[in-house]
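J.: Sharing a model that was predicted from the sequence below.
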Amino acid sequence: MLHTSSHRFLRCDSATRLGLVAAGTVLVLLLSFARVRAQDKNPLAGDANAAKVGESQFRANCAFCHGLGARGGGRGPDLTRAQKRHGNADGDLFRTINQGVPGTAMPPNGATQQGVGMTDDEIWQVITYIRSVQKKAPAPVAGNVSHGKELFFGSANCATCHMVQGKGGRLGPDLTTTGSARSTEYLVESVRNPNRRLAHGITEGLKEFSQEYLTATVVDLHGERYLGVVLNEDNFTLQMIDTREQLHLFDKSKLQLFEETRQSLMPAYDPKILPEKDLQDLIAFLLETGLAPEAGQ
Amino acid sequence: MRLGVWGAAVLRPYKGFAMRLRLALVGLGFFLAVPVRGQVTPQRLLDSAKEPQNWLMYSGDFAGHRYSNLEQVSPTNAAGLVPKWAYQTLAGGKFETTPLVVDGVLYGTGQDDRAFALDARSGRPIWQYQRELPADIRPCCGRVNRGLAILGDKVFLGTLDAHVIALDAKTGNVVWDVTAADYRGGYSFTLAPLAIKNLVIFGVSGGEYGIRGFIDAYDAATGERKWRFYTIPGPGEPGHDTWEGESWKIGGAPAWITGTFDPATNTTFWTTGNPSPSNRGEGRAGDNLYSNTLLALDPDTGKLKWHFQFTKHDDHDYDATQVPVMIDQGEKHLIVQANRNGFFYIIDRGTGRLISSNTYAKVTWSTSKDAEGRPAVDKNGAPSPEGNRVCPGAAGATNWMSPTYDPQTKLFYVTAREQCDIFSTAPQEFEKGHAYYGSAYFPNDDTAPFWGTLRAIDPLTGALKWEWKHPSPTWSGVLSTAGGLVFTGDAEGNFMALEAASGRVLWHFQCGASVYASPMSFAVEGKQYIAVAAGSTLFTFGLP
């Protein structure tokens, strides 16, 4: 295609070519300006019927990660919250849905290789639906954020394994954005009973987000034992990080023992170890951090 | 449009010179008497087993076996397989092609409806073609194409904007281009067509849009449409009364996987996909013929001989679009299919009578059989507003990826996906050209993760002989060879050779991307190659 069009240009004299390029550039700029303007405001805002249709669209296109009712699912954030991490304005939501969020599991519209993708109208319908179920104002944070931060990086030992905004350990998931991605109930459960739900990886097309934090025990041919977390694996090789954050790369056929379990390496923080009030402070810290605009970007 | 290998822009200003050069070369040809490579006649297609060095159609033969008679690579030397060459389309999305090979030339398709001819020894391009697609196409599930058919001196391509195109096999030039349907209504082609006699047969895609499905036959020489079989009967036709009201007009039932052909009875077998909307039965009460059905058609006329519907009134997107494999054992002439709905069906090929249906993967949507012995829908498994956990999940116990039948081991090998999903309803009005699913699905919250497996099944009993587990559900098809091997890939990017008799893995290669294709095998100058697409690359492997 490129070859043909450049060939056409070759036939023009250079003045005509410059004129065409200039005219074309102006046209493209005008069109993209019109498009940006068009995407700023939801033309269907407040339309109850659009919200209803949008719910169906949401179920078909978004619920896979964001759950029925937009309250968050296995992967995607709870969208009923008033504050959205990648922008609250209609235009921001449109952009997030249409272009995805690079570096996260949120794909551009139509790029999942699973469904059809949505038209602009259908995206606005989804936004209308999200607006209809979202809370009016950010929920007041119950706990003490600064005490939660002290606990996280101090006596609760969370930072030994978890990172927030670049500080902390690497054995467990980075928790910078978890406050926006998970419900409070999920966070509480993950602290009290970490084995209940280990993150599920997304395989295939979104393979780069495969990590499930399975616990691995390995004994190599020299009898050396390793305990840690699986970073990735296939049928033939294993990539893991041990409890001292050392990276190990194994050929599975050259191991005496390889066991993995969905038992988390994280200890369960029962109320004796972490009283209810401290837990609330800790959650408050995670919510505050996660909801900070563009946290961790 | 066609992209010349050396760049159309460079060559075109010298068109006059090129023409003179071509004339001179044609003149020279009289003296050199270069041996002309034979055309692919209908008889050669019938006798494909006699030329195992070539791969003449999507499944390798009319029976749908995806079996190669080549035996150079075997369990004794498979561990020594090495990459021979790779060809990159540099296109994104799922690369699903099964290439054809004819007399040393490999013909394939890439994502976005490109086609190419390569030197099968080196992977060097001979020509490349790129269909110029309209900007507003929105085909479901990625822009994909599974391959070409070849007949005479042409290769045939079905496009995402619902055109049927014949390309000159020597140059990639368009010989004819016919509009089969309006892509704005959700119609598209993704399958590799099937050439029978002087016809090329295409089934349409678009089950996510509320299309009215069809199977078309075109005259290979002229592009003239010889017949169309609507997979949803019109008013007055048998089966029309299996649709509520006007729902038949938008009832789906696409036919997006390549069929098979039995020359002994002059019957071609095609399978169809889901009724639309795919996951919501409300508004289309009835069995919804011929959705999720095996169709036995006369290839000359498109006339229906018999049909067998696998899943009646489906609301789980259980397309029956898996290659219907023909198996002959003694007096038994069978069609077997490992269906997306989790059952392995054995059907009499002459009559369409069901012989047996047993599960080959986890199934919860059906817990009983109907009067004819076919799995009946359990109403408790229907999608609901709150969501209902059902196995297999929306992608099915298997899908379009090809199984293989090995006449030496007499085993049927199929990729199975052990994954359950939560199905929920999402009512919507029909709007032409817009997605029309009627529901949603998402992964269930089981603590047990999903996984995939390659299963070796006795096709006469449905009994499992062995299995090889993949870490996650895969979209790779399977190839078997006379060397005693089966080849398959996984979602983690490995392509592997297994001993056909035992399931022992003998060799593997990391392709660097999930395999979304079915492998094939060919030979040039006495050397066997195995080819598979992964990522945007077509890989070939052989002995050093």
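T.: Yep, it's here.

J.: Now do the strands in the stretch 1-150 of chain B.
T.: Secondary structure of the stretch 1-150 of chain B by DSSP state E, counting those that start in this stretch: the strands cover B:2-3, B:67-68, B:82-88, B:100-102, B:105-110, B:114-119, B:125-130, B:149-151.

J.: can you put the ones you listed in a markdown table and add mean pLDDT and mean neighbour count?
T.: For glycine as for every other residue, the C-beta is placed from the backbone atoms N, C-alpha and C. Output for the strands of the stretch 1-150 of chain B, formatted as a markdown table (pLDDT from 0 to 100; neighbours: other CB atoms under 10 Å in any protein chain shown):
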| stretch | mean pLDDT | mean neighbour count |
| --- | --- | --- |
| strand B:2-3 | 40 | 19 |
| strand B:67-68 | 98 | 26 |
| strand B:82-88 | 98 | 15 |
| strand B:100-102 | 98 | 25 |
| strand B:105-110 | 98 | 25 |
| strand B:114-119 | 98 | 22 |
| strand B:125-130 | 97 | 19 |
| strand B:149-151 | 98 | 28 |
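
J.: is it fair to say B:F541 lies in a helix?
T.: No - assessed by DSSP: H, G, I helix; E, B strand; the rest coil, B:F541 does not belong to a helix; its assignment is strand.

J.: Do I have it right that it meets B:K84?
T.: Yes - B:F541 sits in contact with B:K84 when judged by CB atoms under 8 Å, with a separation of 6.2 Å.

J.: tell me, what's touching these two both at once?
T.: Residues touching both B:F541 and B:K84 (CB atoms under 8 Å, 6 or more residues apart in numbering or on different chains): B:Y529.

J.: And the strands of the stretch 1-150 of chain B: which comes nearest B:A394?
T.: strand B:105-110 (26.0 Å; CB to CB).

J.: picking that back up, got the strands of the stretch 1-150 of chain B as CSV, with distance to chain A columns?
T.: Compiled in CSV, the strands of the stretch 1-150 of chain B are given as follows (distance: least, CB to the nearest CB, whole Å):
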stretch, distance to chain A
strand B:2-3, 7
strand B:67-68, 24
strand B:82-88, 17
strand B:100-102, 25
strand B:105-110, 14
strand B:114-119, 11
strand B:125-130, 7
strand B:149-151, 25
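
J.: Need these in CSV (columns: distance to B:A456).
T.: CSV is the format used below for these (distance: least, CB to CB, whole Å):
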stretch, distance to B:A456
strand B:2-3, 42
strand B:67-68, 14
strand B:82-88, 26
strand B:100-102, 27
strand B:105-110, 28
strand B:114-119, 32
strand B:125-130, 37
strand B:149-151, 29
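
J.: Of all those, which one comes closest to B:G142?
T.: Nearest of the strands of the stretch 1-150 of chain B to B:G142, taken as CB to CB: strand B:105-110 at 12.3 Å.

J.: now the angle between strand B:82-88 and the closest one, please.
T.: 50 degrees (axes from the mean of the first three to the mean of the last three CA atoms, to 10 degrees).

J.: coming back round to it: show me the one of the strands of the stretch 1-150 of chain B that comes nearest B:L45.
T.: That would be strand B:149-151 among those, by CB to CB, at 7.3 Å.

J.: In stretch B:379-390, which residues are buried?
T.: For stretch B:379-390, the neighbour count (16 or more other CB atoms under 10 Å in any protein chain shown) marks B:381-383, B:387-388, B:390 as buried.

J.: tell me the secondary structure for A:T96?
T.: helix.

J.: what pairs with the nearest residue to B:G350 once chain neighbours are set aside across the strands?
T.: With sequence-adjacent residues excluded and distances taken as CB to CB, 6 or more residues apart in numbering or on different chains, B:G350 is closest to B:H333, at 6.1 Å. Beta bridges link B:H333 to B:D328, judged by DSSP bridges.

J.: Kind regards, and thank you for your time.
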